[in-house]
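> Need coordinates for the following:
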Amino acid sequence: MSLPDAIESILKTALVALVGTRVFPSVIPDGQALPAVVHQVISGEAFGSLNAAGDLKSGRVQVTSWAATHAGAWTLAAAVLAALAAYSGAPAGLAVQWIAAEEPGADMPAYAPENEAARAWGVRQDFLVWYKE
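Reported below is the predicted structural model:
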């Protein structure tokens with residue numbers, strides 16, 4: 001019942017037709033094919049009052065959609081946006097109250113110059129997640 005587990009559950013369910021099970025925390029493991037999605041929690045905080053700690057928390061989640069083509073990365077990013085924006089529910093046992101999407105980030109070309117076949121394109125997106133544990 002953690003925020004990374006909840007995000008992974010939502011994305012794996014929503015993106016199975018596009019990436020199969022290739023949704024990973026932090027990095028794409030060696031040997032995995034594209035397209036794939038990587039997610040990570042990059043910040044968070046708990047909310048409370050002057051009298052007591054509250055149970056509402058927030059986290060900023062970054063999702064990067066990777067594909068072999070520029071168009072493929074943006075298509076996958078659109079599917080990520082559709083899966084997460086305005087989401088509420090209880091994936092992986094975490095009570096997600098709401099997910100708000102920020103504007104997508106810049107293109108992230110990544111390739112090994114010595115190996116042109118390794119070229120990949122990525123699109124980074126940030127989401128704010130409010131949840132209760």
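
> Lowest mean pLDDT among the helices and strands of this protein, which one is it?
Every helix and strand of the chain was ranked by mean pLDDT, DSSP states H and E. The lowest is strand 110-112, at a mean of 52.

> which is the next helix or strand following that one?
Note on strand 110-112: by DSSP states H and E, the next helix or strand toward the C-terminus is strand 115-132.

> what mean pLDDT does that following strand have?
Average pLDDT, strand 115-132: 82.

> Then stretch 24-36?
On average, stretch 24-36 scores 93.

> Distance from the chain centre to that stretch, please.
Centroid separation for stretch 24-36 versus its chain: 13 Å, with C-alpha atoms, centre = their mean, to the nearest Å.

> May I see the buried residues of that stretch?
Across stretch 24-36, burial judged by 16 or more other C-beta atoms under 10 Å covers 24, 28, 34-36. Every C-beta, even on glycine, is put in place using the N, C-alpha and C of the backbone.

> Please apply the same query to stretch 89-104.
Result for stretch 89-104 [16+ other C-beta under 10 Å]: buried residues 91, 94-96, 99, 101, 104.

> Stretch 71-90 too?
72-74, 76-77, 79-81, 83-84, 87.

> so where do the helices sit in the chain?
Taking DSSP state H, the helices of the chain run over residues 3-19, 70-84.

> hang on, isn't residue 32 packed against residue 22?
Yes: using C-beta atoms under 8 Å, residue 32 is in contact with residue 22, at 5.8 Å.

> ok so, going back, quick check, nearest of the buried residues of stretch 71-90 to residue 61?
Nearest to residue 61 among these, counting by C-beta to C-beta, is residue 84 at 8.0 Å.

> In this structure the closest one contacts residue 101, no?
Yes: counting by C-beta under 8 Å, residue 101 is a contact partner of residue 84 at 6.5 Å.

> Mutual contacts of these two, please.
Residues touching both residue 84 and residue 101 (C-beta atoms under 8 Å, 6 or more residues apart in numbering) are residue 127.
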